[in-house]
Structures are given as structure tokens and as C-alpha cells.
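*Asks:* Dropping a prediction and its sequence here:
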Amino acid sequence: MREFLYAIMDLVARFHGKILSLNDTYEAHFSDKQLHFLIVGLAGMALLLVVHPLFARLAKKGHVLVISWLYVFTLIVGLSFAIEIGQHISHSGNMEFADIMFGLVGFLAMFAAFALLRGLWRLFRRAREKAKAPEREAQSR
């Protein structure tokens, strides 16, 4: 886990260095806060331009649960990393990538059980509605 986090930190540091060198090369003289404003703002807008059409298409096709799942999964990934980093900082446990993976697998397993139960419930409701349909037609005549 530690190696993974250091690799991410190294990647971020290289990206940060590249941005600072561009800032110096083009004599833009942006402060660190201004660069954060620009880079995080642009990254957020880029993600929005990808995610919004995807979610709009999913919503239009009635796949709202998929949207919810994607949102929750993203939060769970962030929360899992935050817990592991918190354990490392507070020395309240071992920081391990496997802990994150087991947590995510736990969410996936529980979601699979939920999706199965939800699917069975919907199947049961449709079957009940089909069985009642002939009764309603007979009553309406």
C-alpha cells in the first residue's frame, strides 16, 4: 500500500512540477492557489463533460440505479483511501492496499445481493400484475 501511495504521490509531484515549469516558461506568474484554482477547475469541468452525458443517457434509459451505484462506488473508493491514510497517520492500524480492495469487494458483494433481491422482487411484481391483467379486462367489459 505504501508503495502504491508513493507512486501516486510521485506522479502528482511530476505533474505539479511540469505545471510549475510551464508557469515559469511562459512567465504567467500564477500563485500556487491560482494554479490549483485553474487545474482543479479544469479537471472538474473535463470530468463533468464526460460524466454528464453518460448519466443523462443512463437516466433517459431508466438506469437510475447505475447512476447511484457509480456515485456511491466513487465515494466508497475515496472513503476507503481516507480510512487507510487516517490509520497510517494516527497509527491506529496498518495501511494496506488489500484493506481497500477487501472493502470494495465487500461493497460489490453486498450490492450484488441487493441487485439480486431487487431483481427477484421486480420479477415477482410483474408476474402478479400479469396475473391480475385478465381480471381487470373482464371487469371493464
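*Replies:* Yep, that arrived.
*Asks:* Now Ala98: closest residue in space, sequence neighbours ignored.
*Replies:* Met1 (7.5 Å; CB to CB, 6 or more residues apart in numbering). The way it works is simple: take the backbone N, C-alpha and C, and place the C-beta from them, glycine included.
*Asks:* What pLDDT does the model give the one you found?
*Replies:* At Met1 the predicted local distance difference test score is 70.
*Asks:* low pLDDT regions in the chain?
*Replies:* 141 (pLDDT under 70).
*Asks:* Run through who's touching the helix or strand where Met9 lies.
*Replies:* When secondary structure is defined using DSSP states H and E, the element that contains Met9 is helix 2-25. Taking CB atoms under 8 Å, 6 or more residues apart in numbering as the criterion, the residues outside helix 2-25 that touch it are Ala28, His29, Phe30, Leu35, Ile39, Ile85, Met95, Phe97.
*Asks:* Next up, the contacts around the fourth one.
*Replies:* I take that to be Leu35. If you count contacts by CB under 8 Å, 6+ apart, then Leu35 has Ile19, Leu20, Asn23 around it.
*Asks:* residues of the helix or strand where it lies that come out buried?
*Replies:* If you go by DSSP H and E, Leu35 is part of helix 32-60. Under the neighbour-count criterion of 16 or more other CB atoms under 10 Å, helix 32-60 has Leu35, Phe55 buried.
*Asks:* thinking again about what came up before, in helices, which of the contacts of helix 2-25 fall?
*Replies:* Here DSSP state H is the test, and the contacts of helix 2-25 give Leu35, Ile39, Ile85, Phe97 as lying in helices.
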